[in-house]
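Asker: the following block contains a protein sequence and its predicted model.
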Amino acid sequence: MKKKKTGALDHSLLISVIFLLLFGLIMVYSASSYEASVNANIKDSTYYLNSQLRATLIGFAFMMVISYVDYHFFKKTAIMAYVGACGLIILVLSPLGITRNGARRWLNLGLSLQPAEVAKLAAIIFFATLVCSKKYDITKDLWGIVKCLALAALPTGLIFVITRNLSSAIIVFGIAYIMLYVASPKSWYFVVAILIMLAIAAFFVYMVSSGTLTEEQSFRFVRIKAWLKPEAYSSGSGYQTLQSLYSIGSGGIFGKGLGQSTQKLGFVPEAQNDMIFSIICEELGLFGAVAVIFMFVVLIWRLMVVANNAPDEYGAMLVVGVMAHIAIQVVLNIAVVTNTIPNTGITLPFISYGGTSVLFLLIEIGIALNVSRHVNNT
């Protein structure tokens with residue numbers, strides 16, 4: 001049998017990713033150069049830039065290699081990816097676990113690794129394989145969907161309980177939820193479920209804001225109160241949010257100019273990480289913020305096109321998972337920075353500082369590019 005040749009990859013998808021990566025490197029340097037230069041342990045304004053550049057180059061190499069590997073190969077790794085991701089999360093409790101800024105979320109494996117990022121990729125591979133299984137038609141009835149969501153709950157629960165990383169737990173569960181929603185003919189199940197979850201969340205916020213649940217019970221209650229009234233917690237949980245809002249407001253339409261942010265001079269904590277979008281708004285203004293959002297819309301649109309034209313269901317589900325991951329993370333990050341939702345640590349894909357994040361995001365893009373090669377050949 002003659003081997004089927006693959007076509008060219010999706011150039012619009014690739015160009016949008018390259019743009020976001022290059023822009024991210026520029027903004028990481030702009031947001032971090034002051035902090036790095038005054039940090040007694042670093043004293044190098046390019047420290048964060050160099051670290052991010054190394055991770056980006058390694059990730060880009062992985063992306064290009066994976067774009068040539070037949071994506072059906074990942075079916076064979078699905079169970080191993082799922083079990084391995086859960087194992088890495090548990091390993092955080094071992095002596096290999098690393099604590100930073102009071103949070104134990106990383107592993108020292110010769111290099112720093114965040115298991116939650118591995119879990120996001122594993123969720124995409126595992127649930128794409130699960131919903132496309134010929135042996136189990138799991139999306140036809142409610143019980144099958146519940147079993148799938150139970151499988152999603154395991155890594156989600158481990159991330160939340162062991163690493164106390166609520167945002168990553170939400171993303172992992174959200175990836176599985178969206179993939180199951182797309183694959184299931186019973187989509188109304190998911191609509192009802194999300195409405196119930198939103199109602200529970202709204203009730204919880206009401207209970208906290210009314211004082212029925214006291215802030216002494218959990219630091220998360222304090223974050224909710226700081227979200228509702230950040231000025232009342234300006235010296236504590238609301239400080240980062242207020243500084244971020246000051247940064248966004250001072251940017252105006254066209255910003256102060258690249259590199260001219262004043263809020264990054266020690267006022268906005270983690271300016272190069274979770275809050276980098278606020279620095280973009282301050283330096284490049286509303287124009288720059290809209291441009292970045294537009295590039296993410298282009299990226300998500302191209303992923304949607306690839307998924308819709310994938311040669312088989314498995315390829316489509318892989319790309320749907322990648323699209324879900326990026327879309328959820330972009331929405332949550334911008335929502336946190338603008339105080340639309342309570343503050344929780346979450347990075348802006350391809351732009352925020354974080355080696356593990358950019359590495360695994362580029363691996364995911366490599367899978368999507370792989371599927372796009374087959375799309376162009378059909």
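Answerer: Happy to help now that I have it. Numbering: from 1, shown residues only.

Asker: drop to CA atoms for contacts and neighbour counts, all remaining ones
Answerer: Noted.

Asker: what's the closest non-adjacent residue to residue 112?
Answerer: residue 106 (6.4 Å; Cα to Cα, 6 or more residues apart in numbering).

Asker: what sits against the one you found?
Answerer: Residues near residue 106 by Cα atoms under 8 Å, 6 or more residues apart in numbering: 92, 97, 98, 99, 112, 113, 114, 115.

Asker: direction included, what does the host helix or strand of it pair up with?
Answerer: For residue 106, the element it lies in under DSSP states H and E is strand 103-108. Paired strands of strand 103-108, with direction, are strand 97-100 (antiparallel), strand 112-113 (antiparallel) (DSSP bridges).

Asker: pick the most deeply packed of these.
Answerer: strand 112-113 (a mean of 17; mean count of other Cα atoms under 10 Å).

Asker: out of the strands paired with strand 103-108, nearest to residue 227?
Answerer: strand 97-100 (23.8 Å; Cα to Cα).

Asker: what is the burial count for residue 197?
Answerer: Around residue 197 there are 12 other residues, counting by other Cα atoms under 10 Å.

Asker: mind checking how far it is from residue 191?
Answerer: Distance of residue 197 to residue 191, given as Cα to Cα, to the nearest Å: 10 Å.

Asker: quick one, helices of this structure?
Answerer: Remark: helices assigned in the chain by DSSP state H are 11-38, 47-66, 78-91, 115-131, 142-158, 166-183, 187-209, 219-228, 239-251, 276-308, 313-337, 355-375.

Asker: show me what the longest one packs onto, helices and strands only.
Answerer: If you count contacts as 3 or more Cα pairs under 8 Å, 6 or more residues apart in numbering; DSSP states H and E, helix 276-308 packs onto helix 11-38, helix 239-251, helix 313-337, helix 355-375.

Asker: again, but for the third one
Answerer: Judged by 3+ Cα pairs under 8 Å, 6+ apart, the packing partners of helix 78-91 are helix 115-131, helix 142-158.

Asker: those: which one's closest to residue 300?
Answerer: The nearest among the helices and strands packed on helix 78-91, by Cα to Cα, is helix 115-131 at 15.8 Å.

Asker: contacting residues around that closest one?
Answerer: 74-75, 77-79, 81-82, 85-86, 88-89, 105-107, 136-139, 152, 155, 159, 168-169, 171-172, 175-176, 179-180, 183, 314, 317-318, 321-322, 325, 356-357, 360, 364.

Asker: recalculate using a threshold of 6 Å.
Answerer: Helix 115-131 has contacts (Cα atoms under 6 Å, 6 or more residues apart in numbering) with 75, 78, 81, 82, 85, 88, 89, 172, 317, 318, 321.

Asker: mean pLDDT added to the strands paired with strand 103-108, as JSON lines?
Answerer: Shown next, in JSON lines, are those (pLDDT from 0 to 100):
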{"stretch": "strand 97-100", "mean pLDDT": "83"}
{"stretch": "strand 112-113", "mean pLDDT": "85"}
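
Asker: would you turn the ones you listed into JSON lines with distance to residue 338?
Answerer: Below are the strands paired with strand 103-108 laid out as JSON lines (distance: least, Cα to Cα, whole Å):
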{"stretch": "strand 97-100", "distance to residue 338": "25"}
{"stretch": "strand 112-113", "distance to residue 338": "29"}
